[in-house]
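Q: give me coordinates for this.
(one chain, ligands or ions: 2)
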Amino acid sequence: MTPILSVKDLAISFGSNHVLRSINFDLYENEVLGVVGPNGAGKTVMLDILTGVLKNTAGTITFMGQEISKKSIYERVRMGIGRTFQIPKSFEGMTAYENIITGGVYGAGMSEKAAAAQAEEILDIIGMNEHALTFAGKLGLLDRKRLEIGVAMASKPKVILFDEVAGGLTESEIAGVLEIVAKMRKLGYSIIWIEHVIQTMLKGTDRVLCMANGVDVICGEPAMVMSSREVEEVYLGVKKK
Ligand SMILES: Nc1ncnc2c1ncn2[C@@H]1O[C@H](COP(=O)(O)OP(=O)(O)O)[C@@H](O)[C@H]1O
Ligand SMILES: [Mg+2]
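A: Numbering: from 1, shown residues only. Ligands and ions are numbered 1, 2, ... in the order given. Below you'll find the predicted structure:
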C-alpha cells in the first residue's frame, strides 16, 4: 500500500536549537496515527512544517505522490491538508455555523451556498447542531475544539492534523472527541493526531508514533508503544533494561 503522506529525514533547526533532527513516518489512507512526545519535543513544530507555516531545513514530505516541502500554506490546504490549532483560532465574533461556512469558502473555494450546505453536514458530524448559532467566543472548551475540527473539515482535507484536540478536556469530554474521530474514520479521512497525554491515544488511533530529542523513537500498535521501554524512558527519563 502506498502511504498518503510520507515523511523522511525531516529536520529543522532554529539557530543552534536542532528541534527536529530526523523524523520518519508514513501515514496510510484512512488511518489515524497518534503522535506523542514530551513537552517541547517538537510536535507542534512538525505540524507547522507539514502545513507550510515553517520550512524544514532538511528531509522530504511526500503527499499523494508529490514532494510538498516548497509549497505554500495555501497550496497545501487546496491539495488537501487541513489542521486544527492547539489554541483554538476560530473567529470569536462569528457563529459556529458562519465559521464553518468561512472554512468552506476560503479553504475549499466553494460558493457560499455550497459551503452553507456542507456546514450543516459538518455540524451534524461534530455534534454541534444545538450550538450552530452560538458565537464561537461564547462556546465552552469542548465545543471550541469541536468547532476547530469542523472548520478544518470544511476545507475538504484528505489528511487532517489535530494539535492537542483533547488537551485540557476531561475524560468524558475526550469521549466526545473520540466519537468525532470514529465518524471521520468512517468517512475516509486520514488523521495525524498529536497529543501530549499519551493515555488519550490508546483509544481511537491505529498506530502511535513517539518522538523525542528530534527523532522518531518508536512507532506501532498503540498498546505496544504505550507499554514500551522506549516510551517509558522518554516520559519518565529512566533507563530500563
Ligand atoms: N518559531 C520558532 N522559533 C524558534 N524556536 C521555536 C519556534 N517554534 C518552536 N520553537 C522551539 O521548538 C521546540 C519545540 O516546540 P514545540 O513544537 O512547540 O513542542 P511540542 O509541541 O512538542 O510541545 C521548543 O524548544 C521551542 O522553543
Ligand atoms: Mg505543541
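
Q: near ligand 2, which residues of this protein?
A: Taking Cβ under 5 Å from the ion as the criterion, the chain approaches ligand 2 at residues 43-44. C-betas here are computed from N, CA, C, even on glycine.

Q: break the chain into its domains for me.
A: Taking automatic domain parsing as the reference, the chain has its domains at 5-80+157-236, 93-153.

Q: for those domains, which one sits closest to ligand 1?
A: domain 5-80+157-236 (3.4 Å; Cβ to the nearest ligand atom).

Q: just for the protein, where's the confidence low?
A: 88, 238-241 (pLDDT under 70).

Q: top helix in it by residue count?
A: Ranked by residue count under DSSP state H, the longest helix found in the chain is helix 171-186.

Q: export the domains of the chain as TSV, with columns for mean neighbour count and distance to I87.
A: Conversion of the domains of the chain to TSV gives the following (neighbours: other Cβ atoms under 10 Å; distance: least, Cβ to Cβ, whole Å):
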stretch	mean neighbour count	distance to I87
domain 5-80+157-236	18	9
domain 93-153	19	10
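
Q: and the ones you listed: which comes nearest Q86?
A: Nearest of the domains of the chain to Q86, taken as Cβ to Cβ: domain 5-80+157-236 at 4.4 Å.

Q: rewinding a little: what's the longest helix of the chain packed up against?
A: With contacts taken as 3 or more Cβ pairs under 8 Å, 6 or more residues apart in numbering; DSSP states H and E, helix 171-186 sits against helix 112-125, helix 141-154, strand 190-194.

Q: can you tell me how far I4 is from ligand 2?
A: Note on I4: its distance to ligand 2, by Cβ to the ion, to the nearest Å, is 23 Å.

Q: what separation do you get for L27 and ligand 2?
A: As judged by Cβ to the ion, L27 and ligand 2 stand 19 Å apart.

Q: who touches the spatially closest residue to that residue that is not a sequence neighbour in this structure?
A: Nearest in space to L27, with sequence neighbours left out and distances taken as Cβ to Cβ, 6 or more residues apart in numbering, is L5 at 4.2 Å. By Cβ atoms under 8 Å, 6 or more residues apart in numbering, L5 lies in contact with 26-27, 50, 61-64, 159, 190, 192.

Q: got CSV for those residues, with distance to R76 and secondary structure too?
A: Below are the contacts of L5 laid out as CSV (distance: Cβ to Cβ, whole Å; DSSP: H, G, I helix; E, B strand; the rest coil):
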residue, distance to R76, secondary structure
D26, 18, strand
L27, 14, strand
L50, 8, helix
I61, 9, strand
T62, 13, strand
F63, 8, strand
M64, 11, coil
V159, 10, strand
S190, 14, strand
I192, 13, strand
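
Q: include distance to I174 when you put those residues into TSV, please.
A: Formatted as TSV, the contacts of L5 follow (distance: Cβ to Cβ, whole Å):
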residue	distance to I174
D26	26
L27	22
L50	24
I61	29
T62	32
F63	29
M64	31
V159	22
S190	21
I192	18
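
Q: of the residues you listed, closest to T44?
A: Closest approach to T44 among the contacts of L5 (Cβ to Cβ): L50, at 10.7 Å.

Q: surely that closest one meets I81?
A: Yes. Assessed by Cβ atoms under 8 Å, L50 is found in contact with I81 at 6.7 Å.

Q: which neighbours do those two have in common?
A: By Cβ under 8 Å, 6+ apart, the residues touching both L50 and I81 are L161.

Q: and the residue lying closest to M201 once chain neighbours are set aside, what element?
A: Counting by Cβ to Cβ, 6+ apart, M201 lies nearest to G34, which is 3.8 Å off, once chain neighbours are set aside. Here G34, judged by DSSP states H and E, is contained in strand 32-36.
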